[in-house]
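Student: Starting from these lines, generate the structure:
(one chain, ligands or ions: 1)
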Amino acid sequence: MENSSETTLPNPTPGRERNQKTRSPRILQTTLITAMVVATLFVTFSPNSFSAGFKEPFSAILTSEPNIAVLSGTARPAIRIGIVSGHLGNDSGAVCENGTTEADVNLKIATLVQQKLNAIGYETDLLKEKDPRLTGYRAAVLLSIHNDSCDYINDQATGFKVAAAMSTHDTNLANRLEGCLKDRYQRTTGLSLHDSVTNDMTFYHAFSEIDPSTPAAIIETGFLKLDYDILTTKTDLIAQGVANGLICFVRNENIAPTSTP
Ligand SMILES: [Zn+2]
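Tutor: Below you'll find the model as predicted:
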């Protein structure tokens, strides 16, 4: 709101010097008229003359108190986060001897991640592997959750993998997303990074379907063979690790510098 006592003052006659004797009474007159108009407005529109419905906004203007609802963040548009539950609606993914499928484990983790993000105010979309919504998908970030083979490969087939989409407009954001996921997931779960990223991850199909402005990544939260226990009995911790990585990214949190070997 502008200050009415300033905006209602007429501009001095342009391009012409005026003698002080004729100017002063004119200014005084204008000031008096302005003061009277302002005073009249103030009396006429005093909060008491308003119906109850108008009192609040008017008094808010008068006191020039900050609008708490706006400043507290409740009025901000929510940040949207997309979560793909790997293989959901498409196939089972890896299958263990006991019948546990990768798709089941992925869905448990993805659902918990969604709940955790919703609980702190983020808007989320839980997406299927080939979800039609992935075409041109726009969000603050998209993450696809998968798990590795349930076959015994070797004793080193343990830990997690992360790959960010480098097809995005902003590769700095992609690198930051990868850094946040690696750092927070490792710290939260204690699982180590299995630094081998496959073409299935780097060229993950959704990366080329979503809007290029959406930073995206894929995480293999563990190997279903050697990490079976933590994945299936500490699923909440696994989900917390994923959620912490996403929160780190959307909140632009610091990532500890990776120690060089
Ligand atoms: Zn998978």
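
Student: How about the residues of the stretch 151-261 of the chain by the ion?
Tutor: The stretch 151-261 of the chain comes close to the ion at no residue, as judged by CB under 5 Å from the ion. Placement of C-beta: from N, CA and C, glycine included.

Student: could you pull out the helices for the stretch 151-261 of the chain?
Tutor: Ranges of helices in the stretch 151-261 of the chain, per DSSP state H, counting those that start in this stretch, are 171-189, 199-202, 228-233, 235-250.

Student: what are the ranges of the strands in this structure?
Tutor: 80-85, 123-127, 141-148, 161-164, 216-223 (DSSP state E).

Student: Dump those into TSV; add mean neighbour count and mean pLDDT as well.
Tutor: Converted to TSV, those look like this (neighbours: other CB atoms under 10 Å; pLDDT from 0 to 100):
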stretch	mean neighbour count	mean pLDDT
strand 80-85	24	98
strand 123-127	18	98
strand 141-148	26	98
strand 161-164	24	96
strand 216-223	27	98
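
Student: Residue numbers of the stretch 1-150 of the chain in contact with the ion?
Tutor: Taking CB under 5 Å from the ion as the measure of proximity, the stretch 1-150 of the chain contacts the ion at 86, 93, 146.

Student: residues in contact with the residue in the chain that the ion sits nearest to?
Tutor: Closest approach of the chain to the ion (CB to the ion) occurs at residue 146, with a separation of 3.5 Å. Going by CB atoms under 8 Å, 6 or more residues apart in numbering, residue 146 touches 86, 87, 93, 102, 106, 218, 219, 220, 221.

Student: and residue 44, what pLDDT?
Tutor: Looking at residue 44, its pLDDT stands at 42.

Student: now swap in residue 72 and tell me
Tutor: Taking residue 72 on its own, its pLDDT is 49.

Student: Over to the one 3 residues further on?
Tutor: We have a pLDDT of 57 for residue 75.

Student: before we move on, what about the one 3 residues further on?
Tutor: In the predicted model, residue 78 carries a pLDDT score of 87.

Student: What about it, how many residues nearby?
Tutor: 11 (other CB atoms under 10 Å).

Student: check contacts around the nearest residue to it once chain neighbours are set aside.
Tutor: Distances taken as CB to CB, 6 or more residues apart in numbering put residue 123 closest to residue 78, at 4.3 Å, once the chain neighbours are dropped. When contacts are counted by CB under 8 Å, 6+ apart, residue 123 touches 78, 79, 80, 81.

Student: Identify the bridge partners of residue 123.
Tutor: residue 80 (DSSP bridges).

Student: Distance-wise, check it relative to residue 132.
Tutor: Residue 123 sits 19 Å away from residue 132, going by CB to CB, to the nearest Å.

Student: Walk me through the domains of this structure.
Tutor: 13-71, 80-250 (automatic domain parsing).

Student: among the ones you listed, where is the model least confident on average?
Tutor: Comparing mean pLDDT across the domains of the chain, the weakest is domain 13-71, with a mean of 43.

Student: wouldn't residue 223 be in contact with residue 149 here?
Tutor: Yes: using CB atoms under 8 Å, residue 223 is in contact with residue 149, at 6.3 Å.

Student: which residues are common contacts for these two?
Tutor: residue 157.

Student: Tell me the spatial nearest neighbour of residue 101, not counting adjacent residues.
Tutor: residue 92 (4.0 Å).

Student: Could you double-check that that neighbour sits in contact with residue 100?
Tutor: No: Residue 92 is beyond contact range of residue 100, at 9.7 Å (criterion: CB under 8 Å).
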